[in-house]
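> Could you look at this predicted model? Sequence included:
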Amino acid sequence: MIRTWILPLLLALSGVAHAGSFSLHVDAGGSHGRIDRQFAYDAGGCHGDNVSPAVSWKDAPKDTRGFALTVYDPDADGGWWHWVVLDIPLVAHELKQDAPELPPGAYALGNSFGHARWDGPCPPKSDGPHHYVFTLYALDTPTLALPEDTSPDQARTAITEHAIGKASVTLTYDR
């Protein structure tokens, strides 16, 4: 059993402060943590609507100055980025479902499909369920000011350097 004083120490050493009640909610329509088909990709044999899910959060750490959101599938060969949104302003508390625009100042990087937007799940039929990790990072800066051609892996490095807290939700999808 980890003593109660060890966890904050480990978090401090990792560069991420204890997030307290910082929480993330992803409305992907499914029951039992499963993403509904409407949020799935619409190509490559997948027949979803490629609608981005509604994402909301609350109780960010007090020194938060901005946010970044990533959606990653660790089960895909080499991992697969579905969405990377940077420079989400402090005043934002949600990304609306299938929103045509991100909050002012926010922008998406190119994902593993090559698009600067949400692209939903489309795992191979033979793989079984894949896990989709939605992570919202509370940052110590209002902007990372990364070029739009920054890779998701490079962005993750910059994000973690400025993260003061994070909240995650993992959902599944299979065909």
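Structure received.
> Please state the mean pLDDT value computed over stretch 51-63.
What stretch 51-63 shows for mean pLDDT is 97.
> chain center to that stretch: distance?
10 Å (CA atoms, centre = their mean, to the nearest Å).
> same thing with stretch 100-118?
Put simply, stretch 100-118 sits 12 Å off its chain's centre (CA atoms, centre = their mean).
> Contacts made by it with the rest, please.
With contact meaning CB atoms under 8 Å, 6 or more residues apart in numbering, stretch 100-118 is reached by 41, 50, 52-53, 71, 76, 80-89, 91-92, 95, 119, 143, 146, 148-152, 155. In short, each C-beta sits where N, CA and C put it, glycine included.
> show me what contacts the spatially most central residue of the chain?
Nearest to the mean C-alpha position of the chain, by CA atoms, centre = their mean, lies T70 at 2.6 Å. Shown in contact with T70 (CB under 8 Å, 6+ apart): 81, 83-85, 133-135, 137, 152, 155-156, 159.
> Closest one of these to D36?
F134 (14.6 Å; CB to CB).
> so what's the closest one up against?
By CB under 8 Å, 6+ apart, the contact set of F134 is 24, 26, 55, 69-71, 168-171.
> and those residues, which are buried?
24, 26, 55, 69-71, 169, 171 (16 or more other CB atoms under 10 Å).
> and the next element down the chain from whichever helix or strand the residue nearest to the centre of the chain is part of?
Here T70, judged by DSSP states H and E, is contained in strand 66-73. Counting by DSSP H and E, the next helix or strand C-terminal to strand 66-73 is strand 80-89.
> Of all the residues in that next one, which ones are buried?
80-88.
> If I take it and strand 66-73, what angle do their directions form?
170 degrees (axes from the mean of the first three to the mean of the last three CA atoms, to 10 degrees).
> any residues touching strand 80-89, and which ones?
With CB under 8 Å, 6+ apart as the criterion, strand 80-89 contacts 52, 66-73, 95, 102-109, 111-113, 117-121, 132, 142-146, 152, 155, 159.
> Measure how far the helix or strand where H25 lies is from the centre of its chain, please.
Secondary structure from DSSP H and E places H25 in strand 23-27. Offset of strand 23-27 from its chain centre (CA atoms, centre = their mean): 10 Å.
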